[in-house]
Each structure stands twice: as structure tokens, then as C-alpha cells.
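>>> can you look at this prediction? I've put the sequence above it.
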Amino acid sequence: MILPPATLGMLGGGQLGRFFVIAAHELGYRVVVLDPDAQSPAGRIADQHLVAEYDDEDALNQMAESCAAVTTEFENVPAGSLAYLSKFLPVRPAASAVAISQNRSAEKGFLKQHGFPHAPYADIRSEADIAQGGADLFPGILKVARFGYDGKGQVRVADRDEALLAFRQLKNEPCVLEQRLALDYEVSVVLARDEAGRVKCFPVAENSHRHGILDVSMVPARTTGCMAAQLSNKAQELAEGIALEMGYVGTLAVEFFVVGGQLLVNEMAPRPHNSGHYTIDACVSNQFEQQVRALAGLPLGEARAHSAAVMVNLLGDLWYLRDPQHSHEPDWAQLLAVPNLKLHLYGKHHARPGRKMGHFTVIGSDARQVQELALAARRAIGIEDEPSSQPSSQGRG
């Protein structure tokens, strides 16, 4: 075990890294963050912030010398940087697991190879791949294989002609063409797995999206009854199976589509996840504490929820409701007046539409009442109800 007051390393300085730093500090660790943004949310509260690119060898060497173990907060950190650091100290999750999750083609191939249920798809590396096959995938969604998330790098296509046009618009980057599905709803599982293979799953969250970005997560999911319990158990079983096949150590999120009552794996995220933010306020241990524990080789915490919860994302659009040309701080008094509402702002220095600036979570013993309070709080600060009832655009959360 790596015990406090050792120093842990974090590649990435966004809000997920910020929550990791908070969790590590609470357990008594020091944290070094590597992120090129001098104003990164995690870097601003870390014990040391290395302002450099993720593949900067000098910065990586500094991290290797000062840290006892290293993790990451997002999948687009170069896997090569993680592999380099692993020569000197534990890196969890491993570069091999991150490499699978940061490329949609590799991810889909992994799911197919190991027999996990997934949407029909085809790898698209050239215009010929579109012209020669994939007729049964239309209507579909063309997604870039790398760096697409929150609805970015995705185009809905009705036929081959639209797919060819979209492929050109995406600059002929390698893509995945995925069949568009009639979703019942979406769920996600966040789990933690330690080096000995022990797993703790958090309760399954039901998720809804707005413009491809996670809008609301609810725990327990609104679906009820015996079939819902079976589906939740199956989702956790599949997520555990994925972690096992990857030899995963750390916090992992797996997103699922529910189509005709059946689970299909959408994507994996080799780190804590937006849909797991409810764990901060509603669970005995949260997803970030579990990330620290798995990284340091500590026993995993209890993942049980002690409350029903609804998490609502706060995007930069809120700052422009009064004036589309100038940002204004939202009226937080509306949220802070709700006794069982927990507000989390990420400390980002500039609000822009679509940017995740914070979230709030409403907790309580009555799931229906919690949902009503959370949706009322959304309305109070200007977020409309209607889009949250729609299924997502089959994108990364």
C-alpha cells in the first residue's frame, strides 16, 4: 500500500482531476497535476502543477521522480505517456486499458472480440469503406474514432451519400459508422476494481441528455419492478466483465443503451464519469475516493448509496441566458435555498456554451420527491424540462 502523506500524480487538470485532488487531500496525500492549462481547475488546488503538454518528457520525468503512483482523469491523455511513466512507478489504469477506451474502433473491436453486446457498426477508414458496405447500418451515426465526446465529432446520416459528405466534413478522419437505435433509455455503471480483482459497483444511474451532453442522472433509475432489478444486475455484471478482460485497476465507467429491454454497451471511460457525480453526496464512498484507493492500493470503500439522488449538469449556456453576448453569473441563491441540494462549481475561468461548469445534486429518502425537487431547481435557474426526457445522441458522456 502507498500510504499518506505520499504524493500521487494526476494527468489532466479538469473537474474530474479536481475532485480527485480533493479526495486525495482528504485522505492525507499530496498531488501533482500535469496539465498544459495554467488555469486548470485541478492544477489550481494541487500541491504542484506542472504546466506542460502531456508528452513533455521533462515534465513526465519530474512526475516520475516526485510521485509514488500516477493516474489520469480523461481518456485522451496519450497512452504513450502512461506507458513511459509505468517504467518507473505504478500507473493505474494501465496504458493498455486507456488505449482501448480512447479509440472507438479499438473499443468496438474489444467489445466484439470478448462477446459483449453492442450496437451494429463498421470501421470507416476511407470513402471506399462507406461505398462498399454498411447498407444495413443506415440510418446511422458517423463518429470520429478519436477525441469525440459530448456530441462532438458525430453526424447523423440517413444513407451512403450523407455518410460520404459527413466523412469529408470530418476531414476523412478514421470513424465508426454505428446504426442509429431506438433507445428506451440509457444507464451507466461506475465501478472500482483493485489490483487483486476485487470490485465495488455503485448503483446504476439512469441518464438523459441534451444535445449529446449529459443533462440529468437519476439514482435509483426511474424504471421499477423485477425486470428493472434484473437489468441493473446485468449491467453491473457486464461492467465487471469488461474490467476483468482489461485487467483494469481504478475507477471505470460503462455506458449502456437499453433497446427493447436489452442492454448494449455504448462506451467505456477509464476514469470517473459525469454520471457518477451523484456518488459525492449520495454514497458512503464516492467515485473519486475509490480512484485514490485503487491507485494507492488501499482497500476499496463501500459503494452503497445512502440516499436517492438526482444530479443535474450546469453548462456554460446558463451564463448567457440574460444576455447572449455577455456572461453573467447565474442566480445561485435559487439553488442554495434548497436544503438538500448540493452545489458543486468547478472553478473554470471562462464560461462558454456547452462547457461543463458545475453540477448540483439533490438527495433524500423519497426518490420521487428528489426527482421533483431537482427538476424544479433546474427550472428555477432557467433550464427547460423538455429536452431531458429525450434519449441521447448515442455519444460519449
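It's in. Residues are numbered from 1 along each chain as shown.

>>> just the helices in the stretch 1-150 of the chain please.
For the stretch 1-150 of the chain, applying DSSP state H, counting those that start in this stretch gives helices covering 15-26, 57-66, 79-85, 95-101, 104-113, 127-132.

>>> now do the stretch 151-300 of the chain
160-169, 226-246, 279-282, 287-296.

>>> including mean pLDDT and distance to Ile383, could those helices go into JSON lines?
Every C-beta, even on glycine, is put in place using the N, C-alpha and C of the backbone. Below are the helices of the stretch 151-300 of the chain laid out as JSON lines (pLDDT from 0 to 100; distance: least, CB to CB, whole Å):
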{"stretch": "helix 160-169", "mean pLDDT": "95", "distance to Ile383": "30"}
{"stretch": "helix 226-246", "mean pLDDT": "91", "distance to Ile383": "27"}
{"stretch": "helix 279-282", "mean pLDDT": "98", "distance to Ile383": "19"}
{"stretch": "helix 287-296", "mean pLDDT": "98", "distance to Ile383": "24"}
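
>>> deepest of those, which one?
Of all these, helix 287-296 carries the top mean neighbour count, a mean of 26, counting by mean count of other CB atoms under 10 Å.

>>> angle of that one against helix 15-26?
Using axes from the mean of the first three to the mean of the last three CA atoms, to 10 degrees, the inter-axis angle of helix 287-296 relative to helix 15-26 is 70 degrees.

>>> out of the helices of the stretch 1-150 of the chain, which gets nearest to Ser285?
Closest of the helices of the stretch 1-150 of the chain to Ser285 is helix 15-26, at 9.2 Å (criterion: CB to CB).

>>> the closest one - contacts with which helices or strands?
If you count contacts as 3 or more CB pairs under 8 Å, 6 or more residues apart in numbering; DSSP states H and E, helix 15-26 packs onto strand 7-11, strand 30-34, helix 287-296.

>>> check which residues of that helix are buried.
Buried residues in helix 15-26, counted by 16 or more other CB atoms under 10 Å: 15-25.

>>> can you put those residues in TSV and add pLDDT?
Putting the buried residues of helix 15-26 into TSV (pLDDT from 0 to 100) gives the following:
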residue	pLDDT
Gln15	98
Leu16	98
Gly17	98
Arg18	98
Phe19	98
Phe20	98
Val21	98
Ile22	98
Ala23	98
Ala24	98
His25	98
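
>>> including distance to His114, could the residues you listed go into TSV?
Putting those into TSV (distance: CB to CB, whole Å) gives the following:
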residue	distance to His114
Gln15	31
Leu16	26
Gly17	30
Arg18	33
Phe19	30
Phe20	29
Val21	34
Ile22	35
Ala23	31
Ala24	32
His25	37
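
>>> between these, which is closest to Asp58?
For the buried residues of helix 15-26, the minimum distance to Asp58 (CB to CB) is 20.4 Å, reached by Gly17.

>>> done for today, thanks.
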